[in-house]
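Asker: Kindly generate the corresponding structure for this input.
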Amino acid sequence: SSDHLCSDSKVCRILAQLFYYFSGFYPVLPLVKPFKMSVSQSGGEGMQQIDLTKLAFPQLTQLKNQLDSELGVVQDSLQTLKRAQVKFQDSKESLDKITPKSQGNPIMVPLTDSMYVEGKIANADKVIVDIGTGFYVEKSIPDAQDYFKRRVAFVTQQMEKLQFIGTEKMKIREAIIEVMEMKLQALQAQKKAAAAVSGSSS
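Answerer: Take a look at the predicted model:
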């Protein structure tokens with residue numbers, strides 16, 4: 001039987017976004033050099049370097065706000081993937097406890113995330129696995145264990161990619177904040193100089 005890549009609609013959306021990001025179709029702000037960053041530009045020239053120090057303060061503020069929003073999405077996505085990772089790991093560990101001697105043992109069967117009913121293990125050799133989007137597949141215990149092992153590895157890999165995205169966005173944000181502080185200090189110095197000139201001429 002075919003396996004789905006995810007078993008939760010929100011996780012699916014996150015993984016789809018990651019796919020587009022690493023395929024080059026997802027709009028992002030790439031790596032930063034000191035006080036510079038690269039932004040995607042359509043056309044044959046590809047990437048173009050933009051000097052942050054040449055941007056107006058409102059533009060820097062807008063960029064920072066955009067990054068704050070994107071970092072929030074990254075954090076929420078990481079939490080969702082973490083819950084999926086824990087769910088897959090718990091499922092695998094539960095399977096590790098099923099042995100041929102488990103036949104007929106009592107078990108709590110989940111109807112929903114918070115509702116369970118009592119039942120008995122009718123077949124200790126096979127289990128029904130939820131592979132997502134309402135599909136269920138009968139698998140042997142070893143096959144099910146391998147399925148959840150692969151799901152844990154896959155989600156962990158996506159989390160690492162998402163953490164990389166978050167780190168790069170944070171670098172850009174820090175560079176923007178540093179330039180904003182420089183511009184504020186320069187503005188304050190200009191005001192002091194103007195005040196000094198005005199005071200000396202009066």
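
Asker: Please, which helix or strand holds residue 127?
Answerer: strand 126-132 (DSSP states H and E).

Asker: Pull out the buried positions in the helix or strand just after that strand.
Answerer: Where DSSP H and E defines the elements, the next helix or strand beyond strand 126-132 is strand 135-140. Residues 137, 139 are the ones in strand 135-140 that count as buried (16 or more other C-beta atoms under 10 Å). Quick note: C-beta positions are derived from backbone N, CA and C, even for glycine.

Asker: Now find how far off-centre strand 135-140 is within its chain.
Answerer: 28 Å (C-alpha atoms, centre = their mean, to the nearest Å).

Asker: Just checking: what are the partner strands of it?
Answerer: According to DSSP bridges, strand 135-140 forms sheet pairs with strand 126-132 (antiparallel).

Asker: What's the mean pLDDT across the strand it pairs with?
Answerer: On average, the pLDDT along strand 126-132 is 85.

Asker: List the buried residues for that strand?
Answerer: 127, 129, 131, 132.

Asker: What segments of the protein are helices?
Answerer: Ranges of helices in the chain, per DSSP state H, are 9-22, 57-96, 141-201.

Asker: So which of those helices is nearest residue 114?
Answerer: Nearest to residue 114 among these is helix 57-96 (14.3 Å), distances taken as C-beta to C-beta.

Asker: Does anything pack onto that closest one? Which helices or strands?
Answerer: helix 9-22, helix 141-201 (3 or more C-beta pairs under 8 Å, 6 or more residues apart in numbering; DSSP states H and E).

Asker: right, and residue 88 touches residue 151 too?
Answerer: Yes: here residue 88 lies in contact with residue 151, judged by C-beta atoms under 8 Å, at a distance of 4.3 Å.

Asker: Comparing these two, which residue is more hemmed in?
Answerer: The neighbour comparison of residue 88 against residue 151 (other C-beta atoms under 10 Å) goes to residue 151, with 25 against 22.

Asker: Only C-alpha atoms, please: export stretch 109-129 in PDB.
Answerer: Extracted C-alpha coordinates of stretch 109-129, given in PDB (Å, rounded to 0.1, in the frame of the first residue of the first chain):
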ATOM      1  CA  VAL A 109      -9.200   2.600  21.600                       C
ATOM      2  CA  PRO A 110      -9.100   6.300  20.700                       C
ATOM      3  CA  LEU A 111     -12.300   7.500  19.100                       C
ATOM      4  CA  THR A 112     -11.100  11.200  19.100                       C
ATOM      5  CA  ASP A 113      -8.100  12.900  20.600                       C
ATOM      6  CA  SER A 114      -9.800  13.100  23.900                       C
ATOM      7  CA  MET A 115     -12.300  10.100  23.900                       C
ATOM      8  CA  TYR A 116     -11.400   6.500  24.400                       C
ATOM      9  CA  VAL A 117     -13.300   3.300  24.700                       C
ATOM     10  CA  GLU A 118     -12.300  -0.100  26.100                       C
ATOM     11  CA  GLY A 119     -11.400  -2.900  23.700                       C
ATOM     12  CA  LYS A 120      -9.300  -6.000  23.300                       C
ATOM     13  CA  ILE A 121      -6.400  -6.800  20.900                       C
ATOM     14  CA  ALA A 122      -8.000  -9.100  18.400                       C
ATOM     15  CA  ASN A 123      -4.900  -9.600  16.200                       C
ATOM     16  CA  ALA A 124      -1.400  -9.100  17.700                       C
ATOM     17  CA  ASP A 125       0.200  -9.500  14.200                       C
ATOM     18  CA  LYS A 126      -1.500  -6.700  12.400                       C
ATOM     19  CA  VAL A 127      -2.600  -3.100  13.100                       C
ATOM     20  CA  ILE A 128      -4.600  -0.500  11.300                       C
ATOM     21  CA  VAL A 129      -2.500   2.600  10.600                       C
END
